[in-house]
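Visitor: 3D, please:
(one chain, ligands or ions: 1)
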Amino acid sequence: MTNRQLFLQHVAQTSQSPIGLEIVNAAGCRMWDKDGKEYFDLISGFSVMNIGHSNPTVIEAITQQVSQYMHLMVYGEIIESPQVAYAKTLTEYLPASLDCVYFTNSGSEATEGAMKLAKRFTNRSQIIAFKNSYHGSTQGALSIMGDENWRNAYRPLLPDILHLHYNNFDSLDAITERTACIVMETVQAEAGVICPDPAWIRALREKCTTTGTLLVLDEIQTGFGRTGSLWAFEQYGIVPDILLIGKALGGGLPLGAFISSNAIMQTLTFKPVLGHISTFAGHPVSCAAGLAAFEVLVKSFFLEEITESNPGENETSALTINQKSELILKRLQHPAIKAVRSSGLLMAVEFKDEILCQKISHACVQNGLVTDWFLFAPNCLRVAPPLVISREEIEAVCRLLIATIEQVINGR
Ligand code: PMP
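Guide: Model (predicted):
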């Protein structure tokens, strides 16, 4: 049996059409399959590999931690220095009110923890989320997912959930003294990159404050520089009560977190004691890798200089994340492209329908560009490369993408 056949038979499948490449190596923005064919990673493992694949600083940190210890005890009992160091560093780059980190294993678990925390802190039950939002696949996170098609297949789900229209001022009237929390993506990713109207998101923050509702911002996909700032909420002049992060948080290893004030977080420690616990949460190797990756990221960010693959090699061509985004927008011109929506290097390239998008996505992979579509915008192609992508790589990728679109349109 080939590895592909074994994969299809013995590894549980999530769809009937997996990308199915057999990658054996990855570095920077590139990946190689078992036959040595090179692929360009246009999705960063779904916004995980923000500083690129195989960063040597991250590998070194993992090796070092593995040689010291791996698992010692369930989360929260023993002082594990990688957790402490990462929590301290993260909170230094967050508003003062977000000073306490609860590490989890995944983004979904961060969502789950935050929902429990909000209910517990406010003593309320209603949770509000938005249409076309994605916060994870576990049952609590699924209950607030903004699409009936996915929710309905798994009912019964959590009660007392309300879904509102994103960017709609009238919706805000539904937030009341009954609402424990609003869970929302600062920029809606799976909806096909929908940015909030700044006035709307500020009004929403205000409504949460006046009703005593906790604002939970999901930055699992938009955090860690993806949208051009370290956290997307910085661009809108608001601060959440609880922040959800994941994906790039672990530098390539599994890690999630919900972050709040110490005062709010304390409510999880009593009545009942151990009300939210997890064996592997905040794994020390993930924390060591995440901290190393975070330090690499913020160094390039705050120097605002070399955010490219080859620091030092060609310093004059250094571009910021937003400049890279603008360059891609400029290059992605084709009559078949209806629109490109973007927030930094999270970009949705819109085609007339899902069928055309699927054909282009498939041809891209054949041509060495690994891309995908969006869960609630299947007519949009995902362009979210590692943030370290260089100007030259952008030019090459955009040329190949346009050529692939031409190839599909002309039926070649
Ligand atoms: N929230 C958002 C915005 C996400 O994009 C994702 C993952 N795609 C999640 C939550 C869930 O994270 P995980 O897959 O790590 O459980």
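
Visitor: did I read that right, Ser17 in a helix?
Guide: No. Membership of Ser17 in a helix is not supported by DSSP: H, G, I helix; E, B strand; the rest coil, which gives coil.

Visitor: ok, now how distant is it from the ligand?
Guide: 18 Å (C-beta to the nearest ligand atom, to the nearest Å). (Each C-beta comes from the backbone N, C-alpha and C, glycine too.)

Visitor: and if you look at Lys247?
Guide: Lys247 is 6 Å from the ligand, by C-beta to the nearest ligand atom.

Visitor: so where's the chain shaky on pLDDT?
Guide: 301-317, 412 (pLDDT under 70).

Visitor: residues near the residue in the chain that the ligand sits nearest to, how many?
Guide: Residue nearest to the ligand within the chain (C-beta to the nearest ligand atom): Gly107, separated by 2.3 Å. Neighbour count of Gly107, defined by other C-beta atoms under 10 Å: 29.

Visitor: now the helices for the stretch 301-412 of the chain?
Guide: Using DSSP state H, counting those that start in this stretch, the helices of the stretch 301-412 of the chain run over residues 321-331, 354-366, 391-409.

Visitor: scratch that, the stretch 51-200 of the chain
Guide: Counting by DSSP H, counting those that start in this stretch, the helices of the stretch 51-200 of the chain are 56-68, 81-92, 107-122, 139-143, 148-152, 198-211.

Visitor: for these, which one sits closest to Cys287?
Guide: helix 81-92 (3.8 Å; C-beta to C-beta).

Visitor: That closest one versus helix 56-68: what angle between them?
Guide: 140 degrees (axes from the mean of the first three to the mean of the last three C-alpha atoms, to 10 degrees).

Visitor: what residues does the chain put near the ligand?
Guide: 46, 106-108, 111, 134-136, 185, 189, 218, 220-221, 246, 256 (C-beta under 6 Å from any ligand atom).

Visitor: Out of the helices of the stretch 51-200 of the chain, flag the one nearest His10.
Guide: helix 107-122 (24.0 Å).

Visitor: Mind giving me the packing neighbours of that closest one?
Guide: Under the contact criterion of 3 or more C-beta pairs under 8 Å, 6 or more residues apart in numbering; DSSP states H and E, helix 107-122 touches strand 100-104, strand 126-130, helix 139-143, strand 179-185, strand 214-218, strand 242-245, strand 256-260, helix 262-265.

Visitor: can you redo these as a markdown table with mean neighbour count?
Guide: Shown next, in a markdown table, are the helices and strands packed on helix 107-122 (neighbours: other C-beta atoms under 10 Å):
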| stretch | mean neighbour count |
| --- | --- |
| strand 100-104 | 25 |
| strand 126-130 | 25 |
| helix 139-143 | 20 |
| strand 179-185 | 26 |
| strand 214-218 | 28 |
| strand 242-245 | 29 |
| strand 256-260 | 28 |
| helix 262-265 | 16 |
